[in-house]
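# Pasting the sequence and the predicted model now:
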Amino acid sequence: MLRLGIDVGGTNTDAVVLDGTRILGVAKTATTDDVTHGITTAIATLQALGTVETAHIGAVMIGTTHFINALIEADRLAPTAAIRFGLPATAALPPLTDWPERLVTALGGHSFQCHGGHEYDGTAIADLDETEFRAVVHAALEAGARSFAISSVFSPVNAELELRAAEIIAEQVPGAQVSLSHEIGRMGILGRENATIINAALRELADTVTSGLTNAVASAGISAPVFLSQNDGMLMDVDHARRFPVATFASGPTNSMRGAAFLSGVQDCAVVDVGGTSTDVGILQGGLPRQASAEVNVAGVQTSFRMPDVLSVAIGGGSLVERGGKGVSIGPNSVGHRLAERALVFGGETLTASDVAVAAGLVDLGDARLVAGLDRAMVREALAEVGNRIAGAVSRMRISRDPIPLVAVGGGSILVPKVVDGTSSVTRPENYAVANAIGAAIAEVGGDVDRVFTVAPGGREAAMDQARQEAVDRAIAAGAAPASIRIVEVEEVPLAYLPGNATRIRVKAIGDLTLESTGVLDRD
Amino acid sequence: MRAHLAAGLTSITADDVPALTAGASLLGSGGGGLVAVVDALLRHRLGRVPVIAAADLPTDALVVHVGVVGSPDVHDERLINPADLAAAARAVVEHLSGELAAVGIIEIGGMNGPAAVVGALELGVPVVDGDLMGRAFPSIEMTTLAVAGHAAAPLALVSPNGDTVVVTRASPRMTLSVMNGTVRAMGGAAALALYPTTAGTLVESGVAGSLSTCVQLGRALLGARGSDAHTIVDALGGRLLAEGTVDDIHVRTDRAPGSITLSLLDGSVARIDHLDEILAVSHDGRMLASTPAVLNALDASTLLPVRLDQIRAGQVMVVFMLPALHSWPPGAVDPAAFGLDLESAP
């Protein structure tokens, strides 16, 4: 079975076809505003290579930054009602309290609290008042809300109220989009609720984008199922992505790091991903991206996502190079996706990092004669500055004082010098420019459990087994081949100061994607 | 290293909140609950809360200590309601038929430092520049007032539903179990007011100036952001203990301590022993530092202090100590008081 991996970035849309671990073809095209056009072009480019038989493609994996960008730009967000069950508790900090004003405005600022919620042991804080809730839904609709984010205190322990709320909304507003916090976030109501509100705000866009993606793939004559990359590098099917767009948020850095591991064969290293505007530095441990320890702030909103630990430096292939009093400076300004118009090598007027790289003979791009006259000393100084900035970022990220290998990927990685301070080696693997698409193509499927178990005396093993089984079941439901499933993460944390040995257990199971359950084989 | 106990604050405003909560995280010594929950409350409500030294209050002025008790995981879900903090304080004041002059801080480390400021704001009274622990400790008996023989009662516990339990008298032996039973019935967490006392007693037996110290530590931490771990530890007046990668996490059970093992660069091993807070740090079997010194771990990439529940295998940590803000009598809060069979650090 062939796998088609596609990365829809802010600047480029990249595509690769893999047969097992063999790369059959790669394509790089410009990202288009409607997303799908870039994908169609990328697939057509692959087909034109003649090395790929599209009929043999068994699965399409897409990584996209579309949703996180929409949030950052506060663009195309659905008017959303944030409704929380928790009163009389939680009253002092209503939903949306800590959000940037710009986003609150973009969402319509509809924040409501109702009586309800549960205690840690699953008993009710207050009973659901259906009249109160129906009035809230009515008020939200009157105010123009089209998508609903429902959170309830301790819903990871007892989801009953959120589920009932979804039923009531379905009765009142058939077909309304509802996002439930227990399906999206972890313990900690504010982070979980924020993630749920973001998800709800992206649901309309997700409808458009996911159908665009499937149509683009289908119109290219590919009948294989389409999957999207999630934050942890696992895959979800299109229907899941339509309901949980927020799960795509960190897929960019995750895919680039996993792609770098695949291309270089190095499992423990610093990955330096150089794009057009910025460089992301992350750390691979055993082939997996190191996760950030704290909760992650996305576009000014605190969420409970776990994301890769990434340090960004404002240097990329399109960064402006300027000579000032203190020597040569690079970035943070960039020509971005207009490199092909504005860089010197393309006949433009702007001196960019790419021009410097061409002048130094690091890469063949545009017309090298257009930069032949650049001052040699300036070129050397500019490249040395790039090296220093990257070395600085790597030294902040690396896990010990020992030098570690560096793997450079991304279209701009030709800027990474052959020797970087604090690293033991610098590798730029073949196909470095499409590492993200590779990362998407090689992704597996997984299942997570993260909730509170009441562990009876002597019942620890039973609780752990139950959690493991749930994670495995979820991985299978997500499309993992049962025989390939392994548990990759187990964590148990007893809740402090609570009786009854309430223990929070997190388990993650992952496995290879099986296509038997998707109906692909029937179509062959 | 005592230079922090310098100029006293006269008030806390919204501008001070980042430093207050950063300092409280440091003095939480890896525990002390979720500062973020109170941080959000303060940023959205705070105008100005006057801060006053106990010595500047009339000797017989009534001070009630206000905060929260229970599981951080419950606070993280149910959040904290300023009205509940005020209701707890009022219940104690009402029982004493007195007049509240100021709110006291139970423990400056973790969420209870900022929580008392929230309480003072809600009650419209000043907050005392000081506390009863000089850091965070897991037990309500580990206070300077308890050590000096003062009772925690009359005390009050308030649930989010407004249920109010006033304990009029409590023997030192029973205080904790009476409170725990009530907190359990209230869903695992509650607003709390206790240790009603006079300003005069606080001058004798409190930890003076710790609110100012907390804000100063926070400012130093935030001011050193963007530098490196060593600069930060220096800026805080701390001492570096160990720097390495988390190898092994031995989870604590109900009351049995847990430990975290770090592999250091030179191949040696450091160990962090903890309950809710970090209690001791040893290196190749030798104790480097222990409670009441304030022990912390910084994440090497974010350069922020981490709570014990945030520590993961493979994480790189910089472990350091800040000197205790208060000298305790032998045995009161040393490792043995937490059930650790370790020698105290010299």
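That came through fine.
# can you list contacts of the strand or helix carrying A:E167?
A:E167 is part of helix A:160-172 when elements are defined by DSSP states H and E. Identification of contacts with helix A:160-172 by C-beta atoms under 8 Å, 6 or more residues apart in numbering or on different chains yields A:83, A:85, A:116-118, A:128, A:130, A:133-134, A:137-138, A:141, A:148, A:150-152, A:155, A:176, A:178, A:180-182. Yep, even glycine has a C-beta here, placed from its N, CA and C like the rest.
# The residues you listed, buried ones only, as a ChimeraX selection?
To isolate in ChimeraX the members of the contacts of helix A:160-172 that are buried, counting by 16 or more other C-beta atoms under 10 Å in any protein chain shown, one can use:
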select /A:83,85,116,117,118,128,133,137,141,148,150,151,152,155,176,178,180,181,182
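# residue ranges with poor pLDDT in the chain?
All of this is about chain A. Judged by pLDDT under 70, chain A has its weakly predicted residues at A:293-295, A:399-401, A:496-497, A:499-500, A:515-524.
# Hmm, no, I was thinking of chain B.
Using pLDDT under 70, chain B drops low at B:1-7, B:254-255, B:343-346.
# who touches the residue nearest to B:A148 when sequence neighbours are not counted in this structure?
Once flanking residues are discounted, B:A148 sits nearest to B:S205: 4.1 Å by C-beta to C-beta, 6 or more residues apart in numbering or on different chains. Applying C-beta under 8 Å, 6+ apart to B:S205 gives the contacts B:T144, B:L145, B:V147, B:A148, B:H150.
# Smallest distance to chain B belongs to which residue of chain A?
Nearest to chain B, among the residues of chain A, is A:A89, at 3.5 Å (C-beta to the nearest C-beta).
# Report the secondary structure state of that residue.
coil (DSSP: H, G, I helix; E, B strand; the rest coil).
# backbone phi and psi for the residue nearest to it when sequence neighbours are not counted, please?
In this structure, A:A89 finds its nearest non-sequential neighbour in B:P160, 3.5 Å apart by C-beta to C-beta, 6+ apart. The phi and psi values for B:P160, taken as degrees, to the nearest 10, are phi -60, psi -20.
# Give the burial count for B:P160, as a bare number.
Neighbour count of B:P160, defined by other C-beta atoms under 10 Å in any protein chain shown: 28.
# just the one 4 residues further on next, same as before
For B:T164, the count of nearby residues is 16 (other C-beta under 10 Å).
# before we move on, back to that, against B:G70, how distant is the residue nearest to A:A89?
11 Å (C-beta to C-beta, to the nearest Å).
# Contacts only, for the residue in chain B positioned nearest to chain A.
Here the residue of chain B nearest chain A is B:P160; by C-beta to the nearest C-beta that distance is 3.5 Å. Residues in contact with B:P160 (C-beta under 8 Å, 6+ apart) are A:P88, A:A89, A:T90, A:I125, B:R78, B:N81, B:D84, B:M186, B:G187.
# Would you agree the first one is in contact with A:G117?
It stands for A:P88. No - A:P88 is beyond contact range of A:G117, at 9.5 Å (criterion: C-beta atoms under 8 Å).
# Verify the stated contact: the residue of chain A closest to chain B with B:A83.
No - in this structure A:A89 lies outside contact range of B:A83 using C-beta under 8 Å: 11.1 Å.
# ok, these two, which is more surrounded?
Higher neighbour count among A:A89 and B:A83: A:A89, with 29 against 17, using other C-beta under 10 Å.
# sorry, back to before: same for chain B: which of the contacts of helix A:160-172 are within range?
A:G117 (C-beta under 8 Å from any C-beta of the partner chain).
# Filter the contacts of helix A:160-172 down to the ones in strands?
The strands, defined by DSSP state E, take in A:I83, A:F85, A:F148, A:I150, A:S151, A:S152, A:V178, A:L180 from the contacts of helix A:160-172.
# any chance of those residues in a markdown table, plus distance to B:I278?
What follows is the ones in strands among the contacts of helix A:160-172, written out as a markdown table (distance: C-beta to C-beta, whole Å):
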| residue | distance to B:I278 |
| --- | --- |
| A:I83 | 40 |
| A:F85 | 36 |
| A:F148 | 43 |
| A:I150 | 38 |
| A:S151 | 33 |
| A:S152 | 34 |
| A:V178 | 43 |
| A:L180 | 37 |
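# got a list of what A:E470 touches?
A:G447, A:V449, A:V507 are the contacts of A:E470 under C-beta under 8 Å, 6+ apart.
# out of those residues, which are inside strands?
Going by DSSP E, the strands hold A:G447, A:V449, A:V507 from the contacts of A:E470.
# most surrounded residue in those residues?
A:V507 leads the ones in strands among the contacts of A:E470 on contacts (other C-beta under 10 Å) with 24 neighbours.
# these two touch, right, that one and A:Q466?
No - the criterion here is C-beta under 8 Å, and A:V507 misses it with A:Q466 at 9.6 Å.
# Please name the nearest non-neighbouring residue to B:W328.
Nearest residue to B:W328 in three dimensions, chain neighbours excluded: B:P292, at 5.4 Å (C-beta to C-beta, 6+ apart).
# Now do the SS call for the one you found.
Under three-state DSSP, B:P292 comes out as coil.
# With A:A81 instead?
strand.
# how about it, what does it touch?
Contacts of A:A81 by C-beta under 8 Å, 6+ apart are A:108, A:110-112, A:136-137, A:140, A:143, A:145, A:147-149, A:200.
# Buried members of those into PyMOL, please.
In PyMOL syntax, the buried subset of these is picked out as below (16+ other C-beta under 10 Å):
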select buried, chain A and resi 108+110+111+112+136+137+140+145+147+148+149+200
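# ok, which stretches of chain B are helices?
Here chain B has its helices, by DSSP state H, at B:17-27, B:35-45, B:72-78, B:82-96, B:112-123, B:144-147, B:172-185, B:199-205, B:210-223, B:229-235.
# okay, the ones you listed, which one's buried deepest?
Neighbour counts (mean count of other C-beta atoms under 10 Å in any protein chain shown) averaged over each of the helices of chain B peak at helix B:112-123, with a mean of 28.
# near chain A, anything from that helix?
No - no part of helix B:112-123 sits near chain A under the criterion C-beta under 8 Å from any C-beta; the closest distance found is 8.8 Å.
# How many neighbouring residues does the residue nearest to A:H37 when sequence neighbours are not counted have?
Nearest residue to A:H37, sequence neighbours excluded (C-beta to C-beta, 6+ apart): A:A216, at 7.7 Å. A count of neighbours around A:A216, defined by other C-beta under 10 Å, yields 24.
# Next, the contact list for A:A216, please.
By C-beta under 8 Å, 6+ apart, A:A216 lies in contact with A:V35, A:T36, A:H37, A:I39, A:T40, A:I43.
# Neighbouring strands of the longest strand seen in chain B in the sheet, and parallel or not?
If you go by DSSP E, chain B has its longest strand at strand B:239-250. Taking DSSP bridges as the criterion, strand B:239-250 forms sheet pairs with strand B:258-264 (antiparallel), strand B:316-322 (antiparallel).
# A:E204: which of those is closest?
Counting by C-beta to C-beta, A:E204 lies closest to strand B:316-322 out of the strands paired with strand B:239-250; the figure is 41.6 Å.
# Distance from the chain centre to that closest one, please.
Chain-centre distance of strand B:316-322: 18 Å, with C-alpha atoms, centre = their mean, to the nearest Å.
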